[in-house]
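Asker: just the structure for this:
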Amino acid sequence: LKHRFKPKDEQMQTDAALVKTSGPCGAPRGLGAEGPVADASAPQLPQRLAPRFPPAAPCVPLAEQQDWSGCGWRATAWTGGAIAAQPELLALRIRTAKAIYPGWVPPVQSGLSICPPCGDASAPIAPAVRPGPWKPSAYVSACCPPGKHVHTPDAVFLARTLSFVHDSGLALHFDPADLVRGCMFDAAGADLAPVHAMPRPVRSQHAERWRAIALERARKDDQKLIDDLQWSYDWTFSTRWWGCPIQDGVALEGVEDPSGELPMDLLMARDEILWYQEFDQYEDDLGDEGQVTYTVRARIMPDFFFVLARLELSVLNVVARQVDTRWLHAFGSQELVREWSWRELAPAELRARGPPAAGPALLRPTDTQHRTFHRFRMP
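Answerer: Modelled structure (predicted):
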């Protein structure tokens, strides 16, 4: 207490002395990971001053590589890693826009962004996407093509990836960047489910009230109400990505089998798990209107490998949804199988099954409303 109420000048002298006798991140010199270390040049600090030193800042988590190989396959998973920073998200938006709209080139010029939703992310992060020395007058004018908006979830774990590569060169990849591309309505490719196969679009529980407020404001200001914006991405980030094997850079074409089923006897066998990985690839709180999470789970058994990639979505008082992509390969066979399905219910229908906080976890297989099964022949 005496130290806390010292006169201002004396307090400043004490603080200066502490700076001189402190190490990196404010830690006292002479204190190592194993305890006090003798240092004749560093004066001993009073014990009562110890709480003044904040703990060292935590290190940014690094992605870790996990490998498995056998039966002609090599599996690699990168787990951990930090949430993508704003410069990385901006670069991801630009890559996504270029992949969907090949003729578009992001302009760099002085002035404001021509993409209003991304306007707050122009100048501060220009060095991350513009090579060479950065000048205050240089802006990334757009990370989206005119009339289109490419958006990403708030938390994207770009380092977290999973891949299965066969000795023949066939590969199956699970990459967060592909998931983000699958949230765009204009995106196309063999690794994306058709737009018409997706669940219906979702609106916030407050959508009608917000529109009524906007109409009233427009009437008072004698202005014309702007029509509903036709966003080019799914604001709930319900990605259409379902994956596709690649052979020598070419996507393999699967054969749809309406009567196909996963071998449940094989999946439920109580054999030893040789390799298991589980991690989230993105999540978002949808502006406090719900929660969406994309999780990948992979396990390798003595006779097969199996991957479940699941999107779980909960929009408050509107819908609870699961979109599942399952991949299976039985070792020794010459095919990969993919089952893609989605199920959803209104929260009111789920209340009888359990607490509302459980959300999509309360959904059952009988709630499935669409299912597609494909077989991919290996070379």
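Asker: can you show me the CA trace of stretch 284-294 as PDB?
Answerer: In PDB, the C-alpha atoms belonging to stretch 284-294 read as follows (Å, rounded to 0.1, in the frame of the first residue of the first chain):
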ATOM      1  CA  ASP A 284     -18.800 -17.200 -37.200                       C
ATOM      2  CA  ASP A 285     -21.400 -15.800 -34.800                       C
ATOM      3  CA  LEU A 286     -23.400 -14.300 -37.700                       C
ATOM      4  CA  GLY A 287     -23.600 -10.900 -36.200                       C
ATOM      5  CA  ASP A 288     -24.900 -12.300 -32.900                       C
ATOM      6  CA  GLU A 289     -27.800 -13.900 -34.800                       C
ATOM      7  CA  GLY A 290     -26.500 -17.400 -34.400                       C
ATOM      8  CA  GLN A 291     -23.500 -19.600 -34.900                       C
ATOM      9  CA  VAL A 292     -22.000 -21.600 -37.700                       C
ATOM     10  CA  THR A 293     -19.000 -24.000 -37.400                       C
ATOM     11  CA  TYR A 294     -17.400 -26.300 -40.000                       C
END
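Asker: please tell me how far the residue nearest the centre of the chain sits from Ala358.
Answerer: For the chain, the residue nearest the mean C-alpha position is Tyr282 (1.8 Å; Cα atoms, centre = their mean). Separation of Tyr282 from Ala358 (Cβ to Cβ, to the nearest Å): 21 Å. Where C-beta positions appear, they are placed from N, C-alpha and C, glycine not excepted.
Asker: repeat for Gly243
Answerer: 28 Å.
Asker: same check on Trp327?
Answerer: 26 Å.
Asker: compare those two (neighbour count), which wins?
Answerer: The neighbour comparison of Trp327 against Ala358 (other Cβ atoms under 10 Å) goes to Trp327, with 23 against 13.
Asker: what about the closest residue to that one other than its chain neighbours, neighbour count?
Answerer: Among residues not flanking Trp327 along the chain, Val307 sits closest, at 4.3 Å (Cβ to Cβ, 6 or more residues apart in numbering). A count of nearby residues for Val307, using other Cβ under 10 Å, gives 22.
Asker: ok so Val307 is a strand residue?
Answerer: Yes - applying DSSP: H, G, I helix; E, B strand; the rest coil, one finds Val307 inside a strand.
Asker: what pLDDT does the nearest residue to Asn317 once chain neighbours are set aside get?
Answerer: Counting by Cβ to Cβ, 6+ apart, the nearest residue to Asn317 once its immediate chain neighbours are dropped is Gln205, at 4.5 Å. For Gln205, the pLDDT comes out at 80.
Asker: ok, Gln205 touching Glu289?
Answerer: Yes - the criterion here is Cβ atoms under 8 Å, and Gln205 meets it with Glu289 at 7.2 Å.
Asker: which neighbours do these two share?
Answerer: Contact criterion Cβ atoms under 8 Å, 6 or more residues apart in numbering; residues bridging Gln205 and Glu289 by contacting each: 315-316.
Asker: okay, these two: which has more neighbours?
Answerer: Taking other Cβ under 10 Å, Gln205 and Glu289 do not tie; Glu289 has more neighbours (19 against 14).
Asker: is the residue nearest to Trp327 in a bridge, and if so with what?
Answerer: Note on Val307: beta-bridge partners by DSSP bridges are Ala298, Trp327.
Asker: can you pull the pLDDT of it?
Answerer: 98.
Asker: measure it to Trp242 for me?
Answerer: 12 Å.
Asker: equivalent analysis for Val318, please.
Answerer: When Val318 is compared with Trp242 (using Cβ to Cβ), they lie 24 Å apart.
Asker: again with Val292
Answerer: 17 Å.
Asker: quick one: the strands in the stretch 101-250 of the chain?
Answerer: Assigned by DSSP state E, counting those that start in this stretch, the stretch 101-250 of the chain shows strands spanning 108-109, 139-140, 155-156, 161-166, 170-174, 246-247, 250-251.
Asker: I'd like the ones you listed as JSON lines, with mean pLDDT, distance to Leu336 and mean neighbour count appended.
Answerer: Compiled in JSON lines, the strands of the stretch 101-250 of the chain are given as follows (pLDDT from 0 to 100; distance: least, Cβ to Cβ, whole Å; neighbours: other Cβ atoms under 10 Å):
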{"stretch": "strand 108-109", "mean pLDDT": "54", "distance to Leu336": "43", "mean neighbour count": "12"}
{"stretch": "strand 139-140", "mean pLDDT": "36", "distance to Leu336": "40", "mean neighbour count": "22"}
{"stretch": "strand 155-156", "mean pLDDT": "96", "distance to Leu336": "27", "mean neighbour count": "20"}
{"stretch": "strand 161-166", "mean pLDDT": "97", "distance to Leu336": "9", "mean neighbour count": "19"}
{"stretch": "strand 170-174", "mean pLDDT": "97", "distance to Leu336": "7", "mean neighbour count": "20"}
{"stretch": "strand 246-247", "mean pLDDT": "95", "distance to Leu336": "11", "mean neighbour count": "16"}
{"stretch": "strand 250-251", "mean pLDDT": "94", "distance to Leu336": "12", "mean neighbour count": "12"}
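Asker: cool, thanks, talk later.
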